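# I would like to see how this sequence folds:
(one chain, ligands or ions: 3)
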Amino acid sequence: MADYTIKVRRFQPESGEGPYWEEFNVDLDPSLSVLDGLLQAKDRDDGSLAVRCSCRAAICGSCGMKVNGQSTLGCKTQIGEAQEQADKMVGAAGVSAAVADSPIRGEGSDLGSAGNPIVIEPMGNMPVIKDLITDMESTHWTKIRRVTPWLLPHGEPPEREYVVEPESMIDITQSMACIQCGACVSSCLSMEADPGFIGPAALAKAYRFVGDPRDAETHERLHDLADDPHGIYDCTHCFSCIDACPKGVAPMDQIMRLRRKAGEEGIEDPNAGHDHEIAFVKVIEKKGLLDEALLVQESYAPGIKGKLKPSKRGLTETIKSLPTILRPLRKRKVKLRQAIPGLHHGLPKEAMGDVKSIYAHAEEHSEELNLYIRGEEGDDAQPDGAAAEEVTND
Ligand code: SF4
Ligand code: SF4
Ligand code: FES
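Numbering: from 1, shown residues only. Ligands and ions are numbered 1, 2, ... in the order given. Modelled structure (predicted):
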């Protein structure tokens with residue numbers, strides 16, 4: 001047994017007061033969970049402490065919360081590990097700045113805890129209903145429904161069930177592991193900037209059906225998600241959802257797969273997201289460094305430097321982006337040569353050899369970086385957890 005202080009962000013709407021922090025002292029075996037600590041505090045000190053939970057085994061997805069600023073499941077986070085993390089984070093800006101600003105109640109720290117308080121908050125990007133309980137309907141479930149989370153097969157249904165080859169389901173087993181806890185939504189930086197973003201959990205769910213060989217509306221789904229200004233091209237590759245997900249779903253990877261499939265289907269999106277990705281690859285291949293001005297040009301008007309005639313849309317979009325270019329120029333954050341496409345320097349010649357060999361290797365070996373399926377085309381190896389038996393939709 002060891003003593004811990006947990007510092008919980010509380011909000012009791014019926015009191016009419018704003019949120020505040022409360023400290024509780026708990027004594028638990030270090031291998032028990034942060035959720036166990038909360039339930040002990042609720043049992044011994046304050047029965048009004050509200051926390052949502054059910055299975056206590058990382059299965060039901062109920063106990064999403066932030067522990068030391070990181071979105072996770074309370075029942076999957078060992079309190080001993082959370083303590084080590086809290087001790088490392090002292091003085092760091094990792095935990096919510098609100099910790100320092102909001103009033104603190106309780107006497108946890110005075111009761112002789114061995115370390116620094118473990119900071120526990122409700123999930124982010126969602127309205128708080130009470131203490132650690134958030135409203136998942138408005139931000140999570142509404143978005144899940146947005147992606148039509150059921151199969152859309154065509155034709156007469158089979159007499160018994162759809163039978164598919166196990167290999168054809170391997171690609172979606174990772175997205176099928178989702179337990180809808182909302183931890184990825186809580187940590188999503190794009191959603192913070194654009195609450196309308198469909199978000200990591202719903203897009204991972206969308207891939208579950210886009211990649212399903214039984215679904216007959218793949219193109220329509222991809223079109224819909226690419227056309228939506230809050231869709232697949234609204235993700236900024238920040239990796240937060242991958243870090244937060246307790247089940248290894250890696251939502252960002254599923255979003256990249258949706259983008260790749262949309263590109264393969266030739267879907268032109270209004271955000272020029274697909275062209276932007278191609279431009280990114282081209283610019284790095286050419287210069288080894290990111291030339292942002294060239295990136296804008298290549299994303300909207302490839303070939304403007306005389307090789308090809310730029311499209312009308314390309315020119316319009318480039319002109320529209322001028323204020324974005326002029327602002328940092330005026331504030332002297334960017335030099336003129338950095339704002340003119342093609343004038344930004346690249347890597348020295350010797351280093352460009354390495355860049356080119358990385359591109360050649362990737363093309364030759366069909367590699368998908370950061371994706372669940374690793375290895376090369378033709379490998380027999382299957383990812384962990386891949387279905388070995390026939391898969392049905394029962
Ligand atoms: S990678 Fe994309 S979806 Fe995931 S948290 Fe970052 S912005 Fe959100
Ligand atoms: S993708 Fe992961 S983090 Fe997001 S809801 Fe599903 S299980 Fe939770
Ligand atoms: S209580 Fe079920 S996932 Fe934590």
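
# alpha carbons only for contacts and neighbour counts from here, please
OK.

# Tell me which residues touch Tyr4, please.
25-28, 83, 113-115, 117-118 (Cα atoms under 8 Å, 6 or more residues apart in numbering).

# Can you give me every residue that contacts the residue nearest to Pro200 when sequence neighbours are not counted?
Leaving aside its chain neighbours, Pro200 sits nearest to Pro251 (5.3 Å; criterion: Cα to Cα, 6 or more residues apart in numbering). Applying Cα under 8 Å, 6+ apart, we find Pro251 in contact with 175, 184, 200-201, 203-204, 241-242, 245.

# nearest to ligand 3, of these?
Cys245 (11.7 Å; Cα to the nearest ligand atom).

# Now restrict the contacts of Tyr4 to buried residues only.
Burial by neighbour count, 16 or more other Cα atoms under 10 Å: within those this picks out 25-26, 28, 83, 113, 117-118.

# Contact partners for the closest residue to ligand 2 within the stretch 201-350 of the chain?
Nearest residue of the stretch 201-350 of the chain to ligand 2, counting by Cα to the nearest ligand atom: Cys245, 3.5 Å away. By Cα under 8 Å, 6+ apart, the contact list for Cys245 reads 72, 183-184, 251.

# Would you point out the most distant pair within the buried ones among the contacts of Tyr4?
Leu28 and Pro117 (14.4 Å; Cα to Cα).

# circling back to that earlier point, what's the lowest-pLDDT member of the contacts of Tyr4?
Scanning the contacts of Tyr4 for pLDDT, the low point is Ser113. It has 49.

# Show me the contacts of Tyr4 that map onto helices.
Gln83 (DSSP state H).

# for the contacts of Tyr4, which one is nearest ligand 2?
Ile118 (21.2 Å).

# In contact with Arg259, which residues?
Contacts of Arg259 by Cα under 8 Å, 6+ apart are 226, 232-233, 274.

# Can you get me a residue count around Pro30?
17 (other Cα atoms under 10 Å).

# Which strand or helix spans the nearest residue to it once chain neighbours are set aside?
Using Cα to Cα, 6+ apart and skipping residues adjacent in sequence, the residue nearest Pro30 is Gly80, 4.1 Å away. Under the criterion of DSSP states H and E, Gly80 resides in helix 79-89.

# That helix near ligand 3 anywhere?
No - Helix 79-89 is not in contact with ligand 3 by Cα under 6 Å from any ligand atom; minimum separation 13.7 Å.

# buried stuff in that helix?
Buried, per 16+ other Cα under 10 Å, within helix 79-89: 79-83, 86, 89.

# returning to what we had before: pLDDT at the residue nearest to Pro30, what is it?
The model's pLDDT for Gly80 equals 97.

# and the protein, which residues reach ligand 3?
53-63, 73-75.

# are any of those buried, and which?
Using 16+ other Cα under 10 Å, the buried ones in the residues of the chain next to ligand 3 are 53, 56, 58-59, 61-63, 73-75.

# Buried ones in stretch 16-32, by neighbour count?
Result for stretch 16-32 [16+ other Cα under 10 Å]: buried residues 19-26, 28, 30, 32.

# CA-only coordinates of it in PDB, if you can.
Only the C-alpha atoms of stretch 16-32 are listed here, as PDB (Å, rounded to 0.1, in the frame of the first residue of the first chain):
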ATOM      1  CA  GLY A  16     -24.200  27.400  -9.000                       C
ATOM      2  CA  GLU A  17     -20.400  27.700  -8.600                       C
ATOM      3  CA  GLY A  18     -17.700  27.400 -11.200                       C
ATOM      4  CA  PRO A  19     -15.200  24.600 -11.400                       C
ATOM      5  CA  TYR A  20     -12.600  24.100  -8.700                       C
ATOM      6  CA  TRP A  21      -9.900  21.600  -7.700                       C
ATOM      7  CA  GLU A  22     -10.200  19.300  -4.800                       C
ATOM      8  CA  GLU A  23      -7.500  17.100  -3.300                       C
ATOM      9  CA  PHE A  24      -8.100  13.700  -1.800                       C
ATOM     10  CA  ASN A  25      -5.700  11.400   0.000                       C
ATOM     11  CA  VAL A  26      -6.000   7.700  -0.900                       C
ATOM     12  CA  ASP A  27      -4.000   4.600   0.000                       C
ATOM     13  CA  LEU A  28      -3.800   1.900  -2.600                       C
ATOM     14  CA  ASP A  29      -1.400  -0.700  -4.000                       C
ATOM     15  CA  PRO A  30       0.600   1.000  -6.800                       C
ATOM     16  CA  SER A  31      -0.700  -1.600  -9.300                       C
ATOM     17  CA  LEU A  32      -4.300  -0.500  -8.800                       C
END
